[in-house]
Structure formats: structure tokens, C-alpha cells
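Undergrad: what follows is a predicted protein model with its sequence.
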Amino acid sequence: MDVFRGLKAFFWQDKGFLLGSVLGLAAATALGLVYPLLLRVLIDDMIVPGEFDGLVALALLAVGIVVLKAGCQYVHGFSGGRLGNRLAYRLRNASYEKLQVLPFSFYDSARTGDLMSRLTADIEGIRNFIGFGFAQLMNTAFLVLFGFTMMAIIDWPLMLMTLAIIPVLSYVAIRFELHIHPVFRSIRAAVGRLTVSVQENIMGVRTVKSFASEKHEMNKFKGGNENYRDNHLALAAVWAKYFPVIEFIANLSVVLLLLAGGIRVIHGSLTLGSLVSLNGMLGMIVAPLWTLGFQINNYTQSKAAGERLLELLHQPVTIRSADRALELKDDNVQGHVQFEDVSFRYPNHEHQPSALLGFNLDVPPGSVIGLLGGTGSGKSTVVQLLLRAYDVGEGAITLDGVDIRHIELESLRRQTAIVFQESFLFSTTIRENIAYGQADASEEAIIEAAKLSQAHEFIMELPLGYDTIVGERGMGLSGGQKQRIAIARALLLKPKILILDDSTSALDMETEHVIQQSLRKVMAGRTTFIIAHRISSLRHADEIVVLDRGRVVQRGKHEQLLRQPGLYRETYRAQYADRPDELDAAAAGERRVSG
Ligand SMILES: Nc1ncnc2c1ncn2[C@@H]1O[C@H](COP(=O)(O)OP(=O)(O)OP(=O)(O)O)[C@@H](O)[C@H]1O
């Protein structure tokens, strides 16, 4: 029940509908129990004595009850539908909202397919149970209560005899629940795994095909599918074991009633009408008891679904705005960034060496910082920390002198635009991709941004120009074209801080050079971070920081660094091996310095 207590916030405001759904069904059930009573009157007072006077009135009463019962069923259906759908709507919104605020570290280990199944199948399970399943369970309880009360009014010794089955049935039903719940939990997890493998296969279809790994993928899928099938077989086995037992116990009570009641009718201590009526009532009580298994099934499914959903909803949001955080106003931001003795280790990777160690950097407003280093040296980590994708372990990062942990998160990120190496494009028009997050951007501004990023020309060559719809993640465009659209998107924001994280790697040097010329104009007075493997991408930076295994090993301007022996010059030599003139000049510079 803890699960449903946890979900209470999502359905309790509709308690009126919950009440309508439960009471509607309970009233319909109670009215149903009137039938056997009418049958008793029909047999004992009309058929047996041959008295037909009240027959029409009895028939009219039966019609009235039918109409009333139908009305109650309508109330149940209407309220249950409203309750379930409004609950599902709120849960979907809350889960989606949660996904928006969860930190980067959550996504480092989250699996898309698994999250998708929580937001779809799991919510559906909860909708079904809270909307209808709960009322049906309550209805069973009402039926037992009303039914046995009415039976007691007709003949309490026979009622007591049949009542004896309830504890036995309840015991079996509870055992059934205990067995079936873990199976359902495994089924939910298996569905999640299956969805993950299908989704990853589709996302990575190019890799799968180019590595001719279809068979391997098929085998992987078969494993998941077998697991799913085996879980369902286990479920069927539990069903097969308990179902006949429940049915047997339920029907045993009917047999007992007919036997004992029959003897009493023969002896004249019970009327025939009463026996028929008691039998009808018992049949009505036993019918839902017989489906108790289904109802418990429904309950456990939705409990397992609720657990998975609550697990997502209760995920800690480790990166959030502090209370009374400073909200940055566009006009007041200078863009002065300082890293003060920053060290950082990725969450859940505590056993690994620090991704950044004792990192210091002072970035005056308007300057361009280049970050260079081998793969895994910590370059991206520097800018991720600036965006508060993660919080620093030690030290502090400040923007215009304020610790970024004291700045309102959204306003901090709004001042920053980052272009990743893997540019993500949404499956919509190029125009909307450039204007992402800026619905009010003018056509001129969009075109200007595209011109600055050297994207305008190729966009105009497409038959539909800016209205061209790009496929999922930008399929149909080259890597360089995608990067240029992503750069246009960042430039349109006119950010105070621009981060290019290896985002010109797919461009030829000439295009990159032209973009950099434009950037210099656009970013005048703003701060730019350029992460690159190519020296040509950052040679004009005001300061170049060379990283190795999380530590700064060199820093300075291009010319200074060329004159020092070290990683920068080695990289330069490797990349400019075909330009001996420049290497000679650098070497001469070095001799002058050392001499
Ligand atoms: N999300 C993450 N979770 C755990 N460890 C990470 C994560 N991202 C990076 N790392 C680790 O942190 C270290 C620094 O990674 P970072 O991405 O900053 O390197 P980089 O210099 O940008 O590399 P590249 O040039 O390949 O992009 C690496 O050892 C990397 O394995």
C-alpha cells in the first residue's frame, strides 16, 4: 500500500471521482442482490400459492431496478475513466518534468528504453488499477458484506455454513498474491530490457549494419525475448496452480448450500423461494471471488508499475538552484570566469583518478580560451563543470565573482551556449533547429546566424531551404553540415559565454577559419572556450591551456607554447610536419629564448 500512498498526490484531488467509481459500483452490486430477493417473492408468494396478482408490479419493480443499476454503472464507468485518465495525465507530466530536472549524472547510467517503458506501460498499469481495479476490489468486499448480510436475514445458519469458505479463499488468494508479485516485477523489468535493446538497435542501426552484426544483435535480442517468455511461462504456471484451487473452494460452498438447503426444504423448515434466493446470492458472491485472482493480478501489476515510477519520481535532483540564488540579468553579465583550484571526480567513479585536479584559470570577459590535450585529459570536464552539469568536488568556479552554485541554474545556463562534437538535431525543420529554445527569433536573425556559421549557403541549395525537415538526429546531413547548424543555433542565442567542444572537427580547415573570423566579430566582448584537437582551431586564442590526465601541463599563447618543449609543440610538430618553414621558425624562437 506504500506505493499507492506514494501516488496519492496524483489522484487524491480527484477523490470525488474515486468515491463515485467505488460507490457507483457498490450501489450497482447491491441492486443486483435484489434479484434473488424478487425471485424468492415470485416463487413463495406467487408461483407456489398460484397467486398472480402482484406479477406485473414485480416485473415493473425489476425494470426499475435494472434502470437504476444501469445508472449506477454509468457513474462507476464515468468516474473511473475520469479518475484514471486524469491520474495518468498528471503522472506523465510529472515524470517528464522530472526527466527535465534530473542531473547529467542520472543520464550517465540511465537507459532510454527503460525510461520509455516507465512513462508508457507502467503508467497504463496504474491508470487501469486506480481507475477501475481498485473499485472492483472494493466491490468484491461490498458484495461479500451485503450478500452475507442478506443471506443472514433469510437464513442465518445456512449463511454461516457458506461463510466458512471465506477465510480459506482469502488464505489462498494471499498466497497467490505473494507468488505472483515477484513474477510481475520480473516481467516489468524484462519489458524494460526488451525496449532498451530494440531502441538501441534502431538508434545504432548504422553501426550494427556496417559491422555486419545483425546476427549478434538478433542473438542478444533472443536472450531478452527468452527471458520475457520464461517470465510469462512462470506467470502461467502460478495461474495454473492457483486457479483450479480457487474455483474448487468457491464451488464447494454452492454444493454445501444445495445439500443442506435441499434437506431443509424437504423437511419444510425452509421455503423453496428462500433456497433459490440463497443460491442466487451465493452465486453472485462467489463470481467475483472467483475473479479475485484477476483482481489481485491487476493490483500486483500496478503495484510493480507504481514502484518503478516512484523510483523515477524520487530520484534525487543533485544539481539545483540554491535557495535565494542570484538570477542573472542579461545586461549585467560581464562573462568573467574563474576556476579556483578545482578538482573533480565523476559520481559513481570514485575509484577512478580525478578527471580534473587543482585546475586554475582566469578568463577575463571577451577573451578566447583554447583547451588542448589528448583524449580523456579533462577538456570537456572543464566546460561541463562551468555549465554545472556536475558540481565541483573541491575549489570553486565563479562568474563575475559569484560562485556558480549561488547562481540560479537556468539563468546561468541561459548565458552559456555550448556546441558539442556530436551535434544533436531534432527531427523538424532546419529553421526550428536553429531557433531551438527561441521561438520568437526573427527570420533575419536566423539567417544571420546561419551565415556566420557558414551554413546559409548549403541550406539555400536544399530544395526546401530552411523548411527542410532533417531526419532523426540530423540523418541526411553530413557531419560538417550538422555542426554548422549547431553552431548557428548557439550563435543565435548571442550568449555571454560560448563553448565549442570539439565542434568544428568535421569541418575543413578553410570553413573553420572563416567561421572563426565571424566568431571574433560576434563574440567581441564575450567569452569563448574552444576545445580542440587541432592546433589550427585554437592557435589565435588569448590563452591556451594544455591538459594531461586532468592536470594543466602548459599554458600561454600559441607563440609562447611553440617555443617551449612540451606537449603543445609535440602536437604541433605532428600536425604541421608538412610545413617545415613554420617548424623552423618555432625552433629559432626557442633557441633565442634558451640562448
Ligand atoms: N560522464 C562521465 N562519467 C564518468 N567518467 C567520465 C564521464 N565523462 C568523462 N569521464 C572520464 O573523465 C575523464 C576526462 O574526460 P573528458 O571528457 O573531460 O576528456 P576530454 O579531454 O574532453 O576527452 P576527448 O578529447 O576524448 O573528448 C576521462 O577519463 C573520462 O573517461
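TA: Perfect, thanks for sending it. Residues are numbered from 1 along each chain as shown.
Undergrad: from now on I want contacts and neighbour counts done on CA atoms only, so please keep to that.
TA: Will do.
Undergrad: go ahead and confirm R82 touches F17.
TA: Yes. The pair formed by R82 and F17 meets the contact definition of CA atoms under 8 Å, at 6.9 Å.
Undergrad: more crowded one of the two?
TA: F17 (24 against 17; other CA atoms under 10 Å).
Undergrad: what sits against the more buried one?
TA: With contact taken as CA atoms under 8 Å, 6 or more residues apart in numbering, F17 is in contact with 79-80, 82-83.
Undergrad: now I153
TA: Per CA under 8 Å, 6+ apart, neighbours of I153: none.
Undergrad: so which bits of the helix or strand containing it are buried?
TA: I153 belongs to helix 134-163 when assigned by DSSP states H and E. Under the neighbour-count criterion of 16 or more other CA atoms under 10 Å, helix 134-163 has 134-137, 139-144, 146-148, 150-151, 154-155, 158-159, 162-163 buried.
Undergrad: try stretch 561-577
TA: Neighbour counts using 16+ other CA under 10 Å place 561-564, 567-569, 571-573 of stretch 561-577 among the buried residues.
Undergrad: what's the answer for stretch 165-174, then?
TA: Within stretch 165-174, the residues scored as buried using 16+ other CA under 10 Å are 166, 169, 172-173.
Undergrad: cool, and stretch 374-381?
TA: For stretch 374-381, the neighbour count (16+ other CA under 10 Å) marks 377-381 as buried.
Undergrad: cool, and stretch 332-344?
TA: 333-344.
Undergrad: and of these, the nearest to the ligand?
TA: The nearest member of those to the ligand, counting by CA to the nearest ligand atom, is F344 at 9.1 Å.
Undergrad: surely D548 meets K379?
TA: No. D548 is not in contact with K379 according to CA under 8 Å; the separation is 9.1 Å.
Undergrad: any shared contact partners between these two?
TA: Counting by CA under 8 Å, 6+ apart, the common neighbours of D548 and K379 are G373.
Undergrad: separation between the closest residue to G80 other than its chain neighbours and the ligand?
TA: Closest residue to G80 apart from its sequence neighbours, by CA to CA, 6 or more residues apart in numbering: G131 at 4.3 Å. G131 is 41 Å from the ligand, where distance means CA to the nearest ligand atom, to the nearest Å.
Undergrad: picking that back up, which of the buried residues of stretch 374-381 are close to the ligand?
TA: 377-381 (CA under 6 Å from any ligand atom).
Undergrad: pLDDT below threshold where in the chain?
TA: Residues of the chain that meet the criterion pLDDT under 70 lie in 1, 290, 293, 472-475, 578-595.
Undergrad: which residues of the protein lie near the ligand?
TA: Counting by CA under 6 Å from any ligand atom, the chain sits next to the ligand at 108, 346, 349, 355, 374-381.
Undergrad: helix or strand: which one has the closest residue to the ligand within the stretch 51-200 of the chain?
TA: Of all residues in the stretch 51-200 of the chain, the one sitting closest to the ligand is D108 (5.4 Å; CA to the nearest ligand atom). Per DSSP H and E: D108 is located in helix 104-109.
Undergrad: how about G280?
TA: Secondary structure (DSSP H and E) places G280 in helix 272-290.
Undergrad: could you export the following helix or strand past that helix as PDB, CA atoms only?
TA: Following helix 272-290 in sequence order, the next helix or strand is helix 292-313 (DSSP H and E). Listed next in PDB are the C-alpha coordinates belonging to helix 292-313 (Å, rounded to 0.1, in the frame of the first residue of the first chain):
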ATOM      1  CA  LEU A 292     -10.200 -12.400  -7.100                       C
ATOM      2  CA  GLY A 293      -7.100 -13.800  -8.800                       C
ATOM      3  CA  PHE A 294      -7.600 -11.400 -11.700                       C
ATOM      4  CA  GLN A 295      -8.100  -8.600  -9.400                       C
ATOM      5  CA  ILE A 296      -5.100  -9.400  -7.300                       C
ATOM      6  CA  ASN A 297      -3.200  -9.800 -10.600                       C
ATOM      7  CA  ASN A 298      -4.200  -6.300 -11.600                       C
ATOM      8  CA  TYR A 299      -3.300  -5.000  -8.200                       C
ATOM      9  CA  THR A 300       0.200  -6.500  -8.200                       C
ATOM     10  CA  GLN A 301       0.900  -5.400 -11.700                       C
ATOM     11  CA  SER A 302       0.000  -1.800 -10.900                       C
ATOM     12  CA  LYS A 303       1.900  -2.100  -7.700                       C
ATOM     13  CA  ALA A 304       5.100  -3.200  -9.600                       C
ATOM     14  CA  ALA A 305       4.500  -0.400 -12.100                       C
ATOM     15  CA  GLY A 306       4.000   2.100  -9.300                       C
ATOM     16  CA  GLU A 307       7.200   1.100  -7.700                       C
ATOM     17  CA  ARG A 308       9.100   1.700 -10.900                       C
ATOM     18  CA  LEU A 309       7.500   5.000 -11.500                       C
ATOM     19  CA  LEU A 310       8.000   6.200  -7.900                       C
ATOM     20  CA  GLU A 311      11.700   5.200  -8.200                       C
ATOM     21  CA  LEU A 312      12.000   7.600 -11.100                       C
ATOM     22  CA  LEU A 313      10.000  10.300  -9.400                       C
END
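Undergrad: ok, residues contacting the very next helix or strand once past helix 292-313?
TA: The helix or strand immediately downstream of helix 292-313 is strand 337-344, counting by DSSP H and E. If you take CA under 8 Å, 6+ apart as the criterion, strand 337-344 is touched by 354-365, 392-401.
Undergrad: quick check on these: which are buried?
TA: Judged by 16+ other CA under 10 Å, buried ones among those: 354-361, 363-365, 392-394, 396-400.
Undergrad: for G125, see how far away L119 is.
TA: Going from L119 to G125 by CA to CA, to the nearest Å gives 11 Å.
Undergrad: just give me the longest helix of the chain.
TA: helix 214-267 (DSSP state H).
Undergrad: hmm, back to that, now the helix holding D108: how far from the chain's centre is it?
TA: 13 Å (CA atoms, centre = their mean, to the nearest Å).
Undergrad: kindly report the same for stretch 50-63.
TA: 59 Å.
Undergrad: give me the contact list for it.
TA: 35, 38, 42, 45-46.
Undergrad: most neighbours among those, which one is it?
TA: L42 (19 neighbours).
Undergrad: show me what contacts that one?
TA: Contacts for L42 (CA under 8 Å, 6+ apart) come out as 55, 58, 273.
Undergrad: same question for M116.
TA: Residues in contact with M116, defined by CA under 8 Å, 6+ apart, are T195.
Undergrad: dump stretch 559-573 to PDB, keeping only the CA atoms.
TA: Output of stretch 559-573 as PDB, limited to C-alpha atoms (Å, rounded to 0.1, in the frame of the first residue of the first chain):
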ATOM      1  CA  GLU A 559      53.800  31.500 -30.000                       C
ATOM      2  CA  GLN A 560      55.000  31.100 -26.400                       C
ATOM      3  CA  LEU A 561      54.000  27.500 -26.300                       C
ATOM      4  CA  LEU A 562      55.700  26.800 -29.600                       C
ATOM      5  CA  ARG A 563      58.900  28.000 -28.100                       C
ATOM      6  CA  GLN A 564      58.700  25.600 -25.100                       C
ATOM      7  CA  PRO A 565      59.400  21.900 -25.300                       C
ATOM      8  CA  GLY A 566      56.300  20.000 -24.300                       C
ATOM      9  CA  LEU A 567      53.000  18.500 -25.300                       C
ATOM     10  CA  TYR A 568      51.900  21.500 -27.300                       C
ATOM     11  CA  ARG A 569      55.000  21.600 -29.500                       C
ATOM     12  CA  GLU A 570      54.800  17.900 -30.000                       C
ATOM     13  CA  THR A 571      51.200  18.100 -31.100                       C
ATOM     14  CA  TYR A 572      52.200  21.000 -33.400                       C
ATOM     15  CA  ARG A 573      55.000  19.000 -34.900                       C
END
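Undergrad: off-centre distance for that stretch?
TA: For stretch 559-573, the distance to the chain centre is 47 Å (CA atoms, centre = their mean).
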